[in-house]
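Novice: generate a structure from the sequence data that follows.
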Amino acid sequence: MGKKNRTDAAPALLVDWAPVVGAPGTSVRQAAPAGADAGEAVTGTAGSGISDVGAVARDGGASGHQGNPSAGSPSAGSPRAGGHDRRGESMADSPDRFINRELSWLDFNARVLELADDPRVPLLERVKFVAIFGSNLDEFFQVRVAGLKDQVAARVTSLSSDGRTAAEQLDLIHSRVVGLLDQAERVLADKLMPALTEAGVVLCTWNDLGDVDRKHLAEVFNHRIFPVLTPLAVDPGHPFPYISDLSLNLAVMVLDEHTGHRRFARVKVPSLLPRYVPLPDGQRLVPLEQVIAAHLDVLFPGMAITGCSAFRVTRNADLTLEEEEADDLLAAVEMEVRRRRFGRAVRLELAADTNDEVRQLLQRELDLDDDDVYDTWAPVGLSGLFAVGEIDRPDLKDPTWVPVTQHRLAAGDDGARPFFREIAAGDVLVHHPYDSFATSVEEFIRQASNDPRVLAIKLTLYRTSGDSSIIHSLIRAAERGKQVVALVELKARFDEEANIEWARELEKAGVHVVYGLVGLKTHTKTTLVVRNEPEGIRCYCHIGTGNYNPKTARTYEDLGLLTCDPDIGADLTQLFNYLTGYGRDLAVPQTAGGPRRPAVGHRRADPQRDHRSGSQAAHRDEDEQPGRCRHDRPVV
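Specialist: Okay, here's the model as predicted:
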């Protein structure tokens, strides 16, 4: 990675180890974008909102298409009917007509970063958007960059739709990411940090503190931090330690002044402790890693500390399942989840003042190239800024939205809420988060679990929260003798372990659990309730665009349909039989799963202004593309 000499001063807040390590002879290294400014695609209307994802595709993503002027714009050679241009070439033979998948995603994340730069957004929400930008980038490297690196290692020669090799895509990704990180640093240092200070939230460095503050933090260190630290030295008797994925660490160089030997040691910053340590005034915060760095002499008694830098490693976290060969999908997923902890390193984030000796040692031990290293003046691991965003300052945040109960599902004068009678009278459309998820979908499943007329409940579960009442309702229904079926998608990315745990809890209660289909991810969000009524068996259904996750349902914008339409009931009956049994050519005329129909888009709802298009929507899992349902009956 080439050196980049800044003409502006490094932000005083961000990398400041001088009082801890003396003058170890550090060098500032930063990659410069190749060609045009890699951050130029972020220009445009600030606060345009991440809900306008279509605009990313329409404009083609400026930085994603250098040397590709025809992308995203019609020309004389544009395709005519049948997918051929005037020269008779098919679209598949014209790679310049396609937008690169990975660069397009980076354009999306640039829009997330734009929201952090939008002065119309409340201050702590802007800080959270920087954290979301960083968190999104973490997953991008864990999955997408890791996949491209696997292709390079396997010498895969096939090209992407836009005609690029995996190696070419990695080069472009590197340049684009460097530009985005540079912009994130400037937004933090030039705009957010001064604004936070003015608002009474001060992010301090150790150098900013006086003797009284340092004495207070020394007590905090001795009583709350020191007992959980484990320094790991590297020498002939201690091999280089395993660095866990996305963990924050300190690279420490120590000198034994008696022997003259210099050694490297790694100190892991405990993830269970708050990333920022508050000072007694409640207004100032100090990064945890700097508190630890200031007390390294306690961890290494009798040694001279000659260098200290923060670093972070990202590893390949994508699951590689041989599903066709697996006898037990649950066991196969569990094994892959365990293996993922030891995935190959794909990125190294370093504090910008890290000296060359430490840099080269880390690159060598982690087997990383220069282009895999990203220097930053900002806090290493931008997702740590979530802790700042959670500060109790309502005046610096979006107002909390309190959802309402859909008027037809509200309790009557007698306090009763007869869901099944209302649904039988006409379909109910709920629009979350405006309509309460708790008093609609969760209440629907709760009433079904308690209703003696209900014979069976069948549900698909892709993601849910740790406090999900839906899980408890399913368990309660099974304990009461109802037929309960749950499809738990074990391959929901980064929720595999949680879903395995839920699957086992449900099985213990007598729920029939299906783990998904081999070779596919099941994204459908559907519930089927079979009820015995005087007129006969009737099926009540819920079809939604969002997960059965009470936590995200308070933020994500989704639609849900509660209906007892017999055709839709028949479709869901067929669907669950298909998911739990065997069959081909599933016929569901009233409902259709993707990719046969366009997906329903997601964004975070904001009852106040559309420019806040969603701190959590920016997290929306890239592999969630729920299908639309077609419904011709009147909806109330």
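
Novice: max-length strand in this structure?
Specialist: In the chain, taking DSSP state E as the definition, the longest strand is strand 304-315.

Novice: quickly find the element holding residue 242.
Specialist: Using DSSP states H and E, residue 242 maps to neither a helix nor a strand.

Novice: in the chain, where is pLDDT below threshold?
Specialist: Along the chain, segments meeting pLDDT under 70 span 1-93, 236-237, 319-342, 413-415, 463-467, 490-500, 502-503, 516-522, 582-636.

Novice: which residues sit in contact with residue 257?
Specialist: 303-304 (Cβ atoms under 8 Å, 6 or more residues apart in numbering). For glycine as for every other residue, the C-beta is placed from the backbone atoms N, C-alpha and C.

Novice: tell me how far residue 477 lies from residue 486.
Specialist: Counting by Cβ to Cβ, to the nearest Å, the separation of residue 477 from residue 486 is 10 Å.

Novice: how about residue 372?
Specialist: With distances taken as Cβ to Cβ, residue 372 is found 41 Å from residue 486.

Novice: circling back to that earlier point, and the longest strand of the chain, which residues are buried?
Specialist: 305-315 (16 or more other Cβ atoms under 10 Å).

Novice: save those as CSV, and put in distance to residue 269 too.
Specialist: Output for the buried residues of strand 304-315, formatted as CSV (distance: Cβ to Cβ, whole Å):
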residue, distance to residue 269
305, 16
306, 20
307, 17
308, 12
309, 12
310, 8
311, 10
312, 9
313, 13
314, 16
315, 17
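
Novice: which one of these sits closest to residue 171?
Specialist: residue 314 (18.1 Å; Cβ to Cβ).

Novice: what's the closest residue to the closest one other than its chain neighbours sitting at in phi/psi?
Specialist: Using Cβ to Cβ, 6 or more residues apart in numbering and skipping residues adjacent in sequence, the residue nearest residue 314 is residue 347, 3.9 Å away. Backbone torsions for residue 347, taken as degrees, to the nearest 10, come to phi -150, psi 140.

Novice: and residue 347, what does it touch?
Specialist: 141, 145, 313-314, 368, 372-374.

Novice: that one and residue 381, how far apart?
Specialist: 11 Å.

Novice: and if you look at residue 449?
Specialist: Taking Cβ to Cβ, one finds residue 449 at 42 Å from residue 381.

Novice: what's in contact with the helix or strand harbouring residue 527?
Specialist: Assigned by DSSP H and E, residue 527 falls within strand 525-533. Residues outside strand 525-533 that contact it (Cβ under 8 Å, 6+ apart) are 420, 441, 444-445, 448, 451, 453-460, 462, 483, 537-548, 569, 572-573, 575-576, 626.

Novice: related to what we said a few turns ago, neighbour-wise, which of residue 477 and residue 486 wins?
Specialist: residue 477 (25 against 22; other Cβ atoms under 10 Å).

Novice: I figured the more buried one was touching residue 451, is that so?
Specialist: No - using Cβ atoms under 8 Å, residue 477 is not in contact with residue 451, being 9.3 Å away.

Novice: strands of the stretch 301-450 of the chain, start to end?
Specialist: In the stretch 301-450 of the chain, the segments counted as strands under DSSP state E, counting those that start in this stretch are 304-315, 345-351, 373-376, 428-432.

Novice: make that the stretch 451-600 of the chain, sorry
Specialist: Using DSSP E, counting those that start in this stretch, the strands assigned to the stretch 451-600 of the chain run over residues 454-461, 483-488, 512-514, 525-533, 536-544, 556-563.

Novice: how about the nearest residue to residue 278 once chain neighbours are set aside, what does it touch?
Specialist: For residue 278, ignoring the flanking residues on the chain, the nearest one in space by Cβ to Cβ, 6+ apart is residue 285 at 5.6 Å. Residue 285 is in contact with 201-204, 276-279, 388, counting by Cβ under 8 Å, 6+ apart.

Novice: looks to me like residue 285 is in a helix.
Specialist: No - Residue 285 sits outside any helix when classified using DSSP: H, G, I helix; E, B strand; the rest coil, being strand.

Novice: what's opposite it in the beta bridge?
Specialist: residue 203, residue 278 (DSSP bridges).

Novice: can we start the residue count at 9 from this point?
Specialist: With the count now opening at 9, the last piece we talked about shows up as residue 293.

Novice: helix, strand, or coil at residue 170?
Specialist: Applying three-state DSSP: residue 170 is coil.

Novice: which residues touch the residue lying closest to residue 491 once chain neighbours are set aside?
Specialist: Distances taken as Cβ to Cβ, 6+ apart put residue 464 closest to residue 491, at 3.8 Å, once the chain neighbours are dropped. Counting by Cβ under 8 Å, 6+ apart, residue 464 makes contact with 490-493, 536-538.

Novice: now the strands of the stretch 309-458 of the chain as a markdown table including distance to residue 143?
Specialist: Below are the strands of the stretch 309-458 of the chain laid out as a markdown table (distance: least, Cβ to Cβ, whole Å):
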| stretch | distance to residue 143 |
| --- | --- |
| strand 312-323 | 12 |
| strand 353-359 | 13 |
| strand 381-384 | 15 |
| strand 436-440 | 23 |
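
Novice: relative to residue 400, which of those is closest?
Specialist: The nearest among the strands of the stretch 309-458 of the chain, by Cβ to Cβ, is strand 436-440 at 26.1 Å.

Novice: list only buried entries from the contacts of strand 533-541.
Specialist: 428, 449, 452-453, 456, 459, 462, 464-468, 470, 546-556, 577, 580-581, 583-584, 634.

Novice: any idea how many residues pack against residue 310?
Specialist: If we define neighbours as other Cβ under 10 Å, then residue 310 has 9 of them.

Novice: list phi and psi for it.
Specialist: phi 80, psi 0.

Novice: report the contact partners of it.
Specialist: residue 264.

Novice: got it, and residue 451?
Specialist: By Cβ under 8 Å, 6+ apart, the neighbours of residue 451 are 417, 425, 427.

Novice: tell me which of the residues you listed is nearest to residue 119?
Specialist: Nearest to residue 119 among these: residue 417, at 35.5 Å, using Cβ to Cβ.

Novice: so how far is residue 465 from that closest one?
Specialist: Plainly put, residue 417 is 18 Å away from residue 465 if you go by Cβ to Cβ.

Novice: do the same with residue 429
Specialist: Distance from residue 429 to residue 465, by Cβ to Cβ: 18 Å.

Novice: looking at the strands of the stretch 309-458 of the chain, which is closest to residue 178?
Specialist: When the strands of the stretch 309-458 of the chain are compared (using Cβ to Cβ), the closest one is strand 353-359, at 9.9 Å.

Novice: the closest one pairs with which strands, and in what direction?
Specialist: strand 312-323 (antiparallel), strand 381-384 (parallel).

Novice: helices and strands around the host helix or strand of residue 299, which ones?
Specialist: Secondary structure from DSSP H and E places residue 299 in helix 296-301. Applying 3 or more Cβ pairs under 8 Å, 6 or more residues apart in numbering; DSSP states H and E, we find helix 296-301 packed against helix 26-29, strand 256-263, strand 284-286.

Novice: can you name the element that comes right after it?
Specialist: As the chain continues past helix 296-301, the following element, by DSSP H and E, is helix 304-307.

Novice: CA atoms only: put that following helix into CSV for me.
Specialist: Only the C-alpha atoms of helix 304-307 are listed here, as CSV (Å, rounded to 0.1, in the frame of the first residue of the first chain):
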residue,chain,number,x,y,z
LEU,A,304,0.6,-1.3,29.3
ASP,A,305,3.3,-1.0,31.9
VAL,A,306,1.0,-2.8,34.2
LEU,A,307,0.5,-5.7,31.7
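
Novice: how about the contacts made by residue 222?
Specialist: 214, 302.

Novice: that one falls within a helix, correct?
Specialist: Yes - per three-state DSSP, residue 222 lies within a helix segment.

Novice: measure it to residue 548 for me?
Specialist: As judged by Cβ to Cβ, residue 222 and residue 548 stand 64 Å apart.

Novice: same check, this time on residue 319
Specialist: From residue 319 over to residue 548 the distance is 54 Å, taken as Cβ to Cβ.
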